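In: quick one: sequence plus predicted model below, questions after.
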Amino acid sequence: MANEWGPLWALVGEWEGEGGLDTSYSHAKGEVVGTPYLEKVTFKPFGPVDNGSQHLYGLDYKTAMWRNDEENPFHTEVGYWLWDSATGEVLRGFVVPRGITVLAGGHADADATTFTLTASVGDAQYPIGEGKYLTANASSVGYEATITLGDGTWSYAETTMLRMKEFPDLLPHTDHNTMHKVG
Ligand code: HEM
């Protein structure tokens, strides 16, 4: 059964990582800052989902990140990761509750230990959608995430390129963490 999820099977379960680091522009501080974070992620397998002759197997996921001893997470995502064994296409569709949706895509072999997913604003295949405020003030023009799978561990490094009204050039908003299995 596990092979039907291809490279995604390694992600099934509950994970924690306390070595996260976010780099973004802080409106409170008026500068770009690095913020360490604790993250908790859950992936649950499902499938198949049949689109005609296409058979997808996926994970539903939710993740949340906390700074220091804050009670409420400062960043969350919910969504689905999907694998199409016929083509090797990997999809990650998720919502960031700032008014952003992302459908990132890429390709990976079934036994891949690393793969990269990308999305960009206006892209017909793998788009980023956002609300009007963000388009005017802090638009997510590109997204790239590289996932590396290990034994009882996995990690990600991702960059969201932001067009922000505070800066003449695009600002890389980066996040990375290494997750350890807890369930
Ligand atoms: C681990 C993942 C992420 C974390 C921890 C994170 C965290 C943050 C933080 C701390 C800020 C600064 C808010 C402020 O102080 O004003 C921020 C801003 C922002 N993030 Fe993220 N982020 C993550 C992923 C993403 C992704 C995947 C996207 C979009 C695809 C995104 C889009 C944005 C945007 C548009 C802003 C600017 C909001 C504004 O300037 O008003 N972030 N993020």
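Out: Perfect, I can see it now.

In: and this protein, which residues reach the ligand?
Out: Neighbours of the ligand within the chain, by C-beta under 6 Å from any ligand atom: 22, 24, 26-28, 35, 37, 65, 74-75, 96, 98, 100, 102, 128, 134, 138, 140, 143, 160, 162, 173, 175. No exception for glycine: its C-beta is placed from N, CA and C like everyone else's.

In: mark which of the residues you listed are part of strands, please.
Out: The members of those that map onto strands under DSSP state E are 22, 24, 26, 35, 37, 65, 75, 96, 100, 102, 128, 138, 140, 143, 160, 162, 173, 175.

In: for K40, list the residues it contacts.
Out: For K40, the contacting residues are 14-16, 63-64, by C-beta atoms under 8 Å, 6 or more residues apart in numbering.

In: what is the nearest of those to the ligand?
Out: The closest of the contacts of K40 to the ligand turns out to be T63 (C-beta to the nearest ligand atom; 7.6 Å).

In: got a ChimeraX select line for the buried ones in the residues of the chain next to the ligand?
Out: Buried subset of those, written as a ChimeraX selection, criterion 16 or more other C-beta atoms under 10 Å:
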select :22,24,35,37,65,75,96,100,102,128,134,138,140,143,160,162,173,175
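
In: any chance of the contacts of K40 in TSV, plus pLDDT and secondary structure?
Out: Formatted as TSV, the contacts of K40 follow (pLDDT from 0 to 100; DSSP: H, G, I helix; E, B strand; the rest coil):
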residue	pLDDT	secondary structure
E14	98	strand
W15	98	strand
E16	98	strand
T63	98	strand
A64	98	strand
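
In: narrow these to those that are buried.
Out: Buried by 16+ other C-beta under 10 Å: 15, 63-64, out of the contacts of K40.

In: would you list those in CSV and tack on distance to G106?
Out: Below are these laid out as CSV (distance: C-beta to C-beta, whole Å):
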residue, distance to G106
W15, 21
T63, 19
A64, 24
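
In: my read: Y57 touches P45, true?
Out: Yes: the criterion here is C-beta atoms under 8 Å, and Y57 meets it with P45 at 7.2 Å.

In: what touches both of these two?
Out: Both Y57 and P45 are contacted by 5, 8, under the criterion C-beta under 8 Å, 6+ apart.

In: for stretch 147-162, buried residues please.
Out: Counting neighbours by 16+ other C-beta under 10 Å, the buried set in stretch 147-162 is 147, 149, 154-162.

In: ok, the closest residue to F94 other than its chain neighbours to the ligand distance?
Out: Closest residue to F94 apart from its sequence neighbours, by C-beta to C-beta, 6 or more residues apart in numbering: G79 at 2.9 Å. Using C-beta to the nearest ligand atom, to the nearest Å, we find G79 at a distance of 11 Å from the ligand.
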